[in-house]
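> this one's structure only:
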């Protein structure tokens, strides 16, 4: 399914221009020989022995398969990613349990599931002052770190027992815990990455290898006197896709920026800004261009397998992500801050820092997203060659996979993309895909409505964070005051620990399914007649708000009491 050649068939890509990433030039009129899933040789064009499938690449350009270093894997994504040239991807924090992710990784490793080769962190290490405070932030498989030594122990277990490919630090984790995690990762020979709420400079000094979404840069570049005046909880939980995040960079200090970049480069820290996931999809100069493309793409019936909630998220991102709701002052600060951050990233690269191409896969279409990220990298000042390196050789270096992927050289995996145009002249040509080769096999580069993952994802509470809960129907719609009843609430995006609130007060709630809850109404909950607001609150984390719009329960007077029916004693 999805491959045009069987496993083990030998291939020859003939008369191709092959990208030499190290030298930054094309090797013209070459033959790429592929056998047993690997690149056998790259030689001057000549005769190809019999029994080898020949793919004529005259006038075409061969680059390594693209590597996306930040996705959040869902079962429907595989074909779209692979058809668009992403042959390897890192999931640095799963929405699904590790046993399902391991099954996906196994299937994707050799084409039994169509999609990119998948590397996984599995869990995100998050912190809290107390275990009670941290409970409910994430599903149980994401380690909650509340004291010394816990991060090292949990990280070692993930590495030794689960064989993860990366370790991920998340919000509220202390610098000591980040250092524990980074040390385990380094000793295991795998990368560490952080979506953090502490200084990125301090985390880099403690050994953290990569900064996801360029988090930690606010704390590294904005003066402490300004940071100390902020709501610290709001600062630590700030969404990296929304205007307030970027507004902070409007207050970045030049001297602090200069010092921060020096430290990050000295420490060999990789910055992974996934610009298309963050401001590039909300307030950047290409927003309208990408919204038009998204709308057209999602009308293609061949990608009808994209879930409706994902479609709504993509098409409504500016509204959901608060860019359309921002006032003129807030929007102006956010847009200035976005440009300031992008300038910081460009300067980081100019000084020799390592920028990773990644798409984050929040509110963007898989596959298309990495090409947009490459375009944005060029927009901020990188050459097309350096942008491509961010999605190939630099990405492979970060992942510790340089001997396996990221270049077109003998011995590497035959994960390749064949383009109709020269991307070194115009980065947009990375989209002009003629062929994709993965596992040494030709990929069918069309979309197919019948695409299906053989191991669908299980329903898990963390995935309910995608959309705001919604109430459609209340049954019964009315009750007499002071009565008891079971209120059936139907709608969508309910989670196992969702709670029904009646006029702001929580009532005992039973989770039936994503679309149904049952709430037990006690007489004391409806003591007097009136119109009662009914809302569903879903536990954190949530992407677009944890509280539904209200439904309304009519609480009536009920039948008249017996003594009121008597007139003149009769």
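Good, I have the coordinates. This is a predicted model, so every value here is computed, not measured.
> how about the helices in the stretch 101-250 of the chain?
All helices of the stretch 101-250 of the chain, identified by DSSP state H, counting those that start in this stretch, fall at 131-134, 150-157, 175-188, 200-205, 217-221, 224-227, 232-236, 243-247.
> which one of these is the most hemmed in?
Mean neighbours per residue, mean count of other CB atoms under 10 Å, is largest over the helices of the stretch 101-250 of the chain for helix 217-221, with a mean of 25. Glycine gets a C-beta too; all of them are placed from N, C-alpha and C.
> list of residues touching it?
197-202, 211, 227, 235, 238, 245, 248-249, 252-253, 256-257, 260, 341, 344 (CB atoms under 8 Å, 6 or more residues apart in numbering).
> still on that earlier bit, for the helices of the stretch 101-250 of the chain, which one sits closest to residue 94?
Smallest distance to residue 94 across those (CB to CB): 15.1 Å, for helix 150-157.
> residue 227 and residue 199, how far apart?
Using CB to CB, to the nearest Å, residue 227 is found at 10 Å from residue 199.
> before we move on, the earlier item: want to throw the helices of the stretch 101-250 of the chain into CSV with distance to residue 469 and mean pLDDT?
Formatted as CSV, the helices of the stretch 101-250 of the chain follow (distance: least, CB to CB, whole Å; pLDDT from 0 to 100):
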stretch, distance to residue 469, mean pLDDT
helix 131-134, 22, 61
helix 150-157, 31, 97
helix 175-188, 32, 98
helix 200-205, 34, 98
helix 217-221, 30, 97
helix 224-227, 34, 96
helix 232-236, 23, 86
helix 243-247, 24, 94
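> of those, which is nearest residue 400?
Closest among those, using CB to CB: helix 175-188, at 9.6 Å.
> circling back: among the contacts of helix 217-221, name the buried ones.
Neighbour counting by 16 or more other CB atoms under 10 Å classes 197-202, 211, 235, 238, 245, 248-249, 252, 256-257, 260, 341, 344 among those as buried.
> residues in contact with residue 69?
Residue 69 is in contact with 89, 90, 92, 210, 272, 356, 357, 358, 395, 398, 399, counting by CB under 8 Å, 6+ apart.
> by mean pLDDT, point me to the weakest helix or strand of this structure.
helix 131-134 (a mean of 61; mean pLDDT, DSSP states H and E).
> what's the local residue count around residue 360?
27 (other CB atoms under 10 Å).
> so it touches residue 278, yeah?
Yes. With contacts counted by CB atoms under 8 Å, residue 360 reaches residue 278, the gap being 7.1 Å.
> and for the two, which residues touch both?
Shared contacts of residue 360 and residue 278 (CB under 8 Å, 6+ apart): residue 213.
> can you tell me how far residue 200 is from residue 252?
To residue 252, residue 200 is 13 Å away according to CB to CB.
> actually residue 25, not the one I typed
Residue 25 is 37 Å from residue 252, by CB to CB.
> same question, residue 403
Distance, residue 403 to residue 252, using CB to CB: 38 Å.
> mind listing what residue 280 touches?
So residue 280 contacts 286, 287, 290, 372, 373, 376 (CB under 8 Å, 6+ apart).
> of the helices of the stretch 101-250 of the chain, which is nearest residue 37?
helix 175-188 (25.6 Å).
> what helices and strands are in contact with that closest one?
strand 124-127, helix 150-157, strand 167-169, strand 192-194, helix 200-205 (3 or more CB pairs under 8 Å, 6 or more residues apart in numbering; DSSP states H and E).
> hey, which helix is longest across this protein?
helix 328-350 (DSSP state H).
> quick one: contacts of the helix or strand just after that one?
Using DSSP states H and E, the helix or strand that follows helix 328-350 in sequence is strand 354-355. Contact with strand 354-355 is made by 268-273, 345, 348-349, 377, 382, 386, 390, 394, 397-398, as judged by CB under 8 Å, 6+ apart.
> who does strand 354-355 pair up with?
In the sheet, strand 354-355 lines up against strand 270-272 (parallel) (DSSP bridges).
> and the partner strand, how far from the chain's centre?
Relative to the centre of its chain, strand 270-272 is centred 15 Å away, using CA atoms, centre = their mean, to the nearest Å.
> stretch 241-256 now?
Its chain's average C-alpha position is 22 Å from that of stretch 241-256, according to CA atoms, centre = their mean.
> what is the end-to-end distance of stretch 503-512?
22 Å (CA to CA, to the nearest Å).
> same check on stretch 192-208?
OK, stretch 192-208 end separation, CA to CA: 6 Å.
> before we move on, what about stretch 514-530?
29 Å.
> and what of stretch 159-176?
19 Å.
> mind listing what's buried in it?
Buried positions in stretch 159-176, judged by neighbour count with 16+ other CB under 10 Å: 159, 162, 164-175.
> likewise for stretch 434-454?
Neighbour-count burial for stretch 434-454, counted by 16+ other CB under 10 Å, picks out 434-445, 447, 451, 453.
> let me know the closest of those residues to residue 96.
For the buried residues of stretch 434-454, the residue nearest residue 96 by CB to CB is residue 453; the value is 11.8 Å.
> quickly find the element holding residue 359.
Assigned by DSSP H and E, residue 359 falls within no helix or strand.
> can you pull the pLDDT of the residue nearest to it when sequence neighbours are not counted?
Ranked by CB to CB, 6 or more residues apart in numbering and with sequence neighbours excluded, the top spatial neighbour of residue 359 is residue 369, at 3.4 Å. Here, the pLDDT recorded for residue 369 equals 95.
> now whatever helix or strand residue 369 lives in and helix 328-350, what's the angle there?
Here residue 369, judged by DSSP H and E, is contained in helix 368-379. Angle, helix 368-379 to helix 328-350, by axes from the mean of the first three to the mean of the last three CA atoms, to 10 degrees: 80 degrees.
> just the buried residues of the longest helix of the chain, please?
Across helix 328-350, burial judged by 16+ other CB under 10 Å covers 331, 333-342, 344-346, 348-349.
> then stretch 79-92?
Residues 79-92 are the ones in stretch 79-92 that count as buried (16+ other CB under 10 Å).
> ok, now stretch 275-294?
By neighbour count on 16+ other CB under 10 Å, the buried set for stretch 275-294 is 275-284, 287, 290, 294.
> quick one: list the elements packing against the very next helix or strand once past the helix holding residue 369.
Next along the chain after helix 368-379, taking DSSP H and E as the criterion, comes helix 384-390. Counting contacts by 3+ CB pairs under 8 Å, 6+ apart, helix 384-390 packs against helix 368-379.
> got the contact list for the helix it packs on?
Outside helix 368-379, the residues that reach it (CB under 8 Å, 6+ apart) are 66, 68, 80, 84-86, 274-277, 280, 284-286, 290, 293, 297, 342, 355, 357-361, 364, 384, 386-388, 390-391, 427-428, 430-431.
> ok, stretch 317-328 next?
Contacts with stretch 317-328, where a contact means CB under 8 Å, 6+ apart, come from 239, 241-243, 281-283, 287, 291, 313, 331, 334, 363, 543-544.
> pLDDT on that stretch, on average?
Here stretch 317-328 scores 82 as its mean pLDDT.
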